[in-house]
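Engineer: Sequence plus the predicted model coming up.
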Amino acid sequence: MLDDAAQGFGATYKNRKLGTFGLATGTSFFPAKPLGCFGDGGAIFTDDEELARTLRSIRVHGQGSDKYDNVRLGLTARLDTMQAAILLEKLKIFDDEIAARNKVAERYSRALGNLVAVPRLAPGCTSVWAQYTIRLSDGIDRDTFAAALKAQGVPTMIYYPKSVHQQTAYSHYPVADGGLPVSERLSKDVIALPMHPYLDEATQDRVIAAVRSALSA
Ligand SMILES: Cc1ncc(COP(=O)(O)O)c(C=O)c1O
């Protein structure tokens, strides 16, 4: 099993951190991610020695034990030293940042839970709230809602407007009748509110008030 923890790095399932399940787990340190560096970065976690050796080789253009002998086709995928230094510092405060994100999510959910569908955690799970995504009820036009928030200085994002199976790159693959109706519906209904660990309560309240007023307009 290969896991993707790009948006869940730091989260747990039954008290186990993501990254400890399966054969290997990838994550991203892109700035928008919960543990972000200041540019591009990422990591792969595995307990499998053989796989780790192969991945290290692929990371440095396929080098073998003689570093000028490339034994496979690889990538240039080193983590830049500056980014690593930034990540080491940010790791020290990562747990505090996760706690702060959870507080924001709890406050949003308490204030908005009776107006829109708010995210719910599955049993046994904790979240790092890479995003805080709400789902609008039928009959609420998402573009109008986003424009109303924007007019009040509240940015929103759509994660994601197109499902994977709708990507142009996959258009030549067969899709069953009806495609993936749940994914397709969610991609039209969801909208993400501002979320980061340094969102103070006054700003959260502005976001909440903007959502309320956009829904009652
Ligand atoms: C779930 C998930 N996996 C993988 C990636 C890719 O990360 P990167 O662009 O750093 O390779 C992203 C980035 O948005 C993501 O959200």
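Structural biologist: Looks like it came in fine. Residues are numbered from 1 along each chain as shown.

Engineer: From now on I want contacts and neighbour counts done on CA atoms only, so please keep to that.
Structural biologist: Will do.

Engineer: Now stretch 154-163: buried residues?
Structural biologist: When burial is assessed from 16 or more other Cα atoms under 10 Å, stretch 154-163 yields the following buried residues: Val154, Thr156, Ile158, Tyr159, Ser163.

Engineer: Okay, and the beta partners of the closest residue to the third one other than its chain neighbours?
Structural biologist: Right, the one you point to is Ile158. By the measure of Cα to Cα, 6 or more residues apart in numbering, the closest residue to Ile158 outside its immediate chain neighbours is Ile191, 4.9 Å from it. As for beta bridges, Ile191 partners with Ile134 under DSSP bridges.

Engineer: burial count for Ile191?
Structural biologist: Other residues lying near Ile191 total 23 when counted by other Cα atoms under 10 Å.

Engineer: Would you agree Ala214 is in contact with Lys150?
Structural biologist: No - between Ala214 and Lys150 there is no contact under Cα atoms under 8 Å: 10.2 Å.

Engineer: Same drill for the two, tell me which one is more crowded.
Structural biologist: Ala214 (18 against 13).

Engineer: buried residues in the helix or strand bottoming out on mean pLDDT in the chain?
Structural biologist: Each helix and strand of the chain was given a mean pLDDT (mean pLDDT, DSSP states H and E); the minimum falls on helix 181-189 at a mean of 93. Using 16+ other Cα under 10 Å as the test for burial, helix 181-189 gives Ser183, Glu184, Leu186, Ser187, Lys188, Asp189.

Engineer: The first one and Pro161 touch, don't they?
Structural biologist: No - using Cα under 8 Å, Ser183 and Pro161 do not qualify as a contacting pair, with a distance of 10.0 Å.

Engineer: What is the three-state secondary structure of the residue sitting furthest away from the middle of the chain?
Structural biologist: When each C-alpha in the chain is compared with the mean C-alpha position (Cα atoms, centre = their mean), Asp66 comes out farthest, at 37.9 Å. When the structure is reduced to helix, strand and coil (DSSP: H, G, I helix; E, B strand; the rest coil), Asp66 reads as coil.

Engineer: Quick check, Ile58 in contact with Val71.
Structural biologist: No - applying Cα under 8 Å as the test, Ile58 and Val71 come out as separate, 9.3 Å apart.

Engineer: okay, these two: which has more neighbours?
Structural biologist: For the pair Ile58 and Val71, the greater number of neighbours falls to Ile58 (21 against 15), based on other Cα under 10 Å.

Engineer: Could you find the closest non-adjacent residue to that one?
Structural biologist: Sequence neighbours aside, Gly74 is the residue nearest to Ile58 in space, at 4.1 Å (criterion: Cα to Cα, 6+ apart).

Engineer: Arg56 is in contact with that neighbour, correct?
Structural biologist: No - taking Cα under 8 Å as the definition, Gly74 is not a contact partner of Arg56, at 9.5 Å.

Engineer: Can you report how many residues lie near Tyr170?
Structural biologist: For Tyr170, which is what you asked about, the neighbour count (other Cα under 10 Å) is 11.

Engineer: and the gap between it and the ligand?
Structural biologist: Remark: distance between Tyr170 and the ligand (Cα to the nearest ligand atom, to the nearest Å) = 17 Å.

Engineer: next one: Gln7
Structural biologist: Plainly put, Gln7 is 5 Å away from the ligand if you go by Cα to the nearest ligand atom.
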